[in-house]
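Participant: Sequence below, structure please.
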Amino acid sequence: MDLKTNYLGLKLKNPIVPSASPLANDIDNIKKMEDAGAAAVVLESLFEEQIRHESKELDHYLQFGAESFAEALTYFPQANDYRIGPEEYLKHIKMAKDAVDIPVIASLNGVTVGGWIDYSRKMEQAGADAIELNVYYIPTNSRLSGVEVENLYIDILKAVKAAVKIPVAMKLSPFFSSMSHFTRRLDENGVDGLVMFNRFYQPDIDLENLEVTPNVILSTPHALRLPLRWIAILYGRIKADMAGTSGIHTAEDVIKMLMAGAKVTMMCSALLRNGIPHIKKVLDGVKTWMAEREYDSVNLMQGSMSQKNVADPSSFERANYQKALQSYRPNI
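Facilitator: Below you'll find the predicted structure:
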């Protein structure tokens, strides 16, 4: 049975990749991921703010004016809360590369074009096999148009692509007015892969202390539906490889995402809940499902249930919305 897949030009032994999380900050955990069957690993993000404003300078930058903008203090940690700094991050890449044989993908998180992008070159020099760009951006400026927001992503992509020779993926949010058009623009500007989708962790309100507080809620399998739909729609329309993330918890989730058109599936919440050995359980489930249905390879599944290949392409569009509403019967 052939589980191999290609993602970002990397030849992977299977389609399961742990996505960026605190688990990858420990080299022993990365070794355990490889032992459990992970085909590659994405390191936790290095933030633009970490690079531009280290130690006390970063702390001052985050605190200044925080009372005026509720999200300013909430969305970024205190300076001493960052687990590793920029230089330590580069050392971590090298240590991870020395410790395992699977590809190591660095993650860079920022929202502007600037000197911090030079770290993409340093990541490449440290041994990263690819870079995942995570542009976490909340467009609160009402004068900023949708095109201008898209251009911000495009400009960062072009700057990083110009700085490195290794593959570059971009992790997207689902909040674009025309996903098909925007992904085509990214494709035309040389993106090697699209990771769909970033989960924007929304703030909460502490009613006791009347404060805006960060609140991380792990994903559930229901979150699979949104990336599944868009990967299925985009399959065959863009050249970039697609990775499905958010809602990947079981072997069935992996298989569905592959059939929609993903080259790999990325897991985070499932590993935080169930531990790193969960990777092996999911892999075994994929193998069993394939054997029972006589699939010889992952390649045979990829894109088989995409919009391009299903009998009724409208099932991924408005028709499905209508059928879903009309077919639901409340249990009253």
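
Participant: Flag the shaky bits of the stretch 1-150 of the chain, pLDDT-wise.
Facilitator: 53-83 (pLDDT under 70).

Participant: Now do the strands in it.
Facilitator: With DSSP state E, counting those that start in this stretch as the criterion, the stretch 1-150 of the chain has strands at 5-7, 10-12, 16-18, 41-42, 46-47, 104-109, 130-134.

Participant: And those: which comes nearest residue 93?
Facilitator: strand 104-109 (5.8 Å; C-beta to C-beta). All C-beta spots, glycine's among them, are computed from the backbone N, C-alpha and C.

Participant: about what we covered before: switch the strands of the stretch 1-150 of the chain over to TSV; also include distance to residue 29 and mean neighbour count.
Facilitator: As requested, the strands of the stretch 1-150 of the chain are exported to TSV (distance: least, C-beta to C-beta, whole Å; neighbours: other C-beta atoms under 10 Å):
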stretch	distance to residue 29	mean neighbour count
strand 5-7	21	20
strand 10-12	19	18
strand 16-18	9	27
strand 41-42	9	26
strand 46-47	18	26
strand 104-109	13	26
strand 130-134	18	25
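
Participant: Tell me which of those strands sits nearest to residue 162.
Facilitator: strand 130-134 (12.7 Å).

Participant: Report the inter-axis angle for the closest one versus strand 104-109.
Facilitator: If you take axes from the mean of the first three to the mean of the last three C-alpha atoms, to 10 degrees, strand 130-134 sits at 30 degrees to strand 104-109.

Participant: Would you list the strands that strand 130-134 pairs with, along with their directions?
Facilitator: strand 104-109 (parallel), strand 168-172 (parallel) (DSSP bridges).

Participant: which residues are contacting that strand?
Facilitator: Residues outside strand 130-134 that contact it (C-beta atoms under 8 Å, 6 or more residues apart in numbering): 8, 10, 20, 42, 45, 103, 105-109, 120, 123-124, 156-157, 160, 164, 166-171, 192-193, 195, 198.

Participant: which ones are touching the nearest residue to residue 286 once chain neighbours are set aside?
Facilitator: Of all residues beyond its chain neighbours, the one nearest residue 286 is residue 251 (4.7 Å), with distances taken as C-beta to C-beta, 6 or more residues apart in numbering. Counting by C-beta under 8 Å, 6+ apart, residue 251 makes contact with 281, 282, 283, 284, 285, 286, 288, 289.

Participant: circling back: same list, the strands paired with strand 130-134, but as TSV with distance to residue 140 please.
Facilitator: Putting the strands paired with strand 130-134 into TSV (distance: least, C-beta to C-beta, whole Å) gives the following:
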stretch	distance to residue 140
strand 104-109	18
strand 168-172	19
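
Participant: Looking at those strands, which is nearest to residue 91?
Facilitator: That would be strand 104-109 among the strands paired with strand 130-134, by C-beta to C-beta, at 12.3 Å.

Participant: rewinding a little: of the contacts of residue 251, which is the nearest to residue 35?
Facilitator: Using C-beta to C-beta, the contacts of residue 251 come closest to residue 35 at residue 283, 11.8 Å.

Participant: Got the confidence number for that closest one?
Facilitator: Listed pLDDT for residue 283 reads 98.

Participant: Next one: it from residue 193, what distance?
Facilitator: Going from residue 283 to residue 193 by C-beta to C-beta, to the nearest Å gives 21 Å.

Participant: of those two, who's got more company?
Facilitator: Set residue 283 next to residue 193 and count neighbours by other C-beta atoms under 10 Å: residue 193 wins out with 25 against 21.

Participant: Count the residues that sit near the closest residue to the more buried one other than its chain neighbours.
Facilitator: Nearest non-adjacent residue to residue 193, counting by C-beta to C-beta, 6+ apart: residue 169, 3.4 Å away. Neighbourhood size, residue 169 [other C-beta under 10 Å]: 25.

Participant: Tell me if I'm right that residue 169 and residue 190 touch.
Facilitator: No. Residue 169 lies out of contact with residue 190 (C-beta atoms under 8 Å); the separation is 11.4 Å.

Participant: most distant residue from the middle of the chain?
Facilitator: Distance from the centre of the chain peaks at residue 332, with 39.3 Å (C-alpha atoms, centre = their mean).

Participant: Select the longest helix from this protein.
Facilitator: Ranked by residue count under DSSP state H, the longest helix found in the chain is helix 146-163.

Participant: give me phi/psi at residue 241?
Facilitator: phi -70, psi 150 (degrees, to the nearest 10).

Participant: give me every residue that touches it.
Facilitator: Residue 241 neighbours (C-beta under 8 Å, 6+ apart): 6, 7, 8, 169, 192, 193, 194, 263, 264.

Participant: run the last query once more with 6 Å
Facilitator: 7, 8, 193, 263 (C-beta atoms under 6 Å, 6 or more residues apart in numbering).
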